[in-house]
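A.B. asks: could you work out the structure for the sequence below:
(one chain, ligands or ions: 1)
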Amino acid sequence: MLSSLLPPDIVAVETLTAPVGVTLFPEEEHCVRDAVAKRRTEFTAVRWCARVAMARLGLPPAPVVSGVRGAPGWDPSIVGSMTHCVGYHAAALGLREHYASVGIDAEPDRPLPEGIIEVVALEPERRQVEGLLRTRPHTSWDRLLFSIKESVFKTWYPATGRELGFEEALITLDPEASAFHARILARPELPGDEYAPREFTGRWATDGKVLVSAIAYTADALVTA
Ligand SMILES: CC(C)(COP(=O)(O)OP(=O)(O)OC[C@H]1O[C@@H](n2cnc3c(N)ncnc32)[C@H](O)[C@@H]1OP(=O)(O)O)[C@@H](O)C(=O)NCCC(=O)NCCS
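C.D. replies: Numbers count the residues shown, from 1 in each chain. All right, here's what the predicted structure looks like:
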């Protein structure tokens, strides 16, 4: 599902079941030394996905440790993103010479718990989601909006090192194309912020159980944003 959302030179690896017999690097082990079994399983599953992706990019296996604000630490030559939810784990990696950042997110294709859409959505987003829920009720558009905002954050944060609130990105869904546009509303504040991304485009898919959204942000877009 994921590879169809990303350009062909981004390697996407996904698994519905957690691979068994995977040995973590000592640095990775350190990250989950106190973790409960569920956390260890999801942590290991996405690192297995990342390792397979590294191999497909012609890179040797390398540890992926959780860095500042939880962002995964990649070899300087690559950009990437990982996601896990119940029954789904994935990683997407590209070469930094071609991409400035990548963000992926998976969520169950189920309505958001009550009260969350108010926290996540701006007014135009809420209107669009409510309209789609009426006219195309088979997709959890509210959850999709949430997933897209998580993908936006996972693309934004490694590129800027800055927080981004749910109210600081305006998402417009294109249901016909299974695509979306994200306009960053956060105003430049710090030196260098003028070079921060101002918009992202991405794609999404659902198999009826899991929704996946993905953004591949190019260095060209970063320069011209
Ligand atoms: C960071 C965040 C987006 C992760 O969401 P999540 O639902 O836990 O996402 P998933 O379970 O699908 O993926 C978790 C993976 O995301 C990655 N991730 C975590 N923090 C990250 C960050 N700051 N930057 C990039 N990737 C990050 C990690 O690889 C993590 O897996 P790991 O801990 O096993 O390495 C979320 O916790 C968060 O802080 N959201 C608030 C910010 C936000 O979304 N703003 C909206 C802007 S429009």
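A.B. asks: from here on, contacts and neighbour counts on C-alpha atoms
C.D. replies: Fine.
A.B. asks: any idea whether the nearest residue to Glu150 once chain neighbours are set aside is helix, strand or coil?
C.D. replies: Spatial nearest neighbour of Glu150, chain neighbours left out: Asp105 (6.3 Å); criterion: CA to CA, 6 or more residues apart in numbering. Following DSSP: H, G, I helix; E, B strand; the rest coil, we place Asp105 in the strand state.
A.B. asks: if I look at Asp105, how far off is the ligand?
C.D. replies: Look at Asp105 and the ligand: by CA to the nearest ligand atom, to the nearest Å, they are 5 Å apart.
A.B. asks: now His84
C.D. replies: His84 is 4 Å from the ligand, by CA to the nearest ligand atom.
A.B. asks: any idea how far the residue nearest to Glu150 is from Asp34?
C.D. replies: Distance, Asp105 to Asp34, by CA to CA, to the nearest Å: 25 Å.
A.B. asks: re earlier: so what sits opposite the residue nearest to Glu150 in the bridge?
C.D. replies: Per DSSP bridges, the residues bridged to Asp105 are Ser213.
A.B. asks: name the residue closest to the centre of this structure, please.
C.D. replies: What sits nearest the mean C-alpha location of the chain, by CA atoms, centre = their mean, is Ile104, with 2.2 Å.
A.B. asks: count residues in the vicinity of the closest residue to it other than its chain neighbours, would you?
C.D. replies: Spatial nearest neighbour of Ile104, chain neighbours left out: Ala214 (4.4 Å); criterion: CA to CA, 6+ apart. Using other CA atoms under 10 Å, Ala214 has 31 other residues around it.
A.B. asks: what helix or strand does Tyr217 sit in?
C.D. replies: Element membership of Tyr217, judged by DSSP states H and E, is strand 210-218.
A.B. asks: does that strand come close to the ligand?
C.D. replies: No - applying CA under 6 Å from any ligand atom, one finds strand 210-218 out of contact with the ligand, separated by at least 9.3 Å.
A.B. asks: domains in the chain, by residue range?
C.D. replies: Following automatic domain parsing, one finds the domains of the chain at 3-104, 108-224.
A.B. asks: pick out the shakiest of those domains, pLDDT-wise.
C.D. replies: Within the domains of the chain, the stretch with the lowest mean pLDDT is domain 108-224, showing a mean of 92.
A.B. asks: follow-up on the earlier one: dump the residue contacts of the residue nearest to Glu150.
C.D. replies: For Asp105, the contact set (CA atoms under 8 Å, 6 or more residues apart in numbering) comprises Met82, Thr83, His84, Ser147, Ile148, Glu150, Ser151, Val212, Ser213, Ala214.
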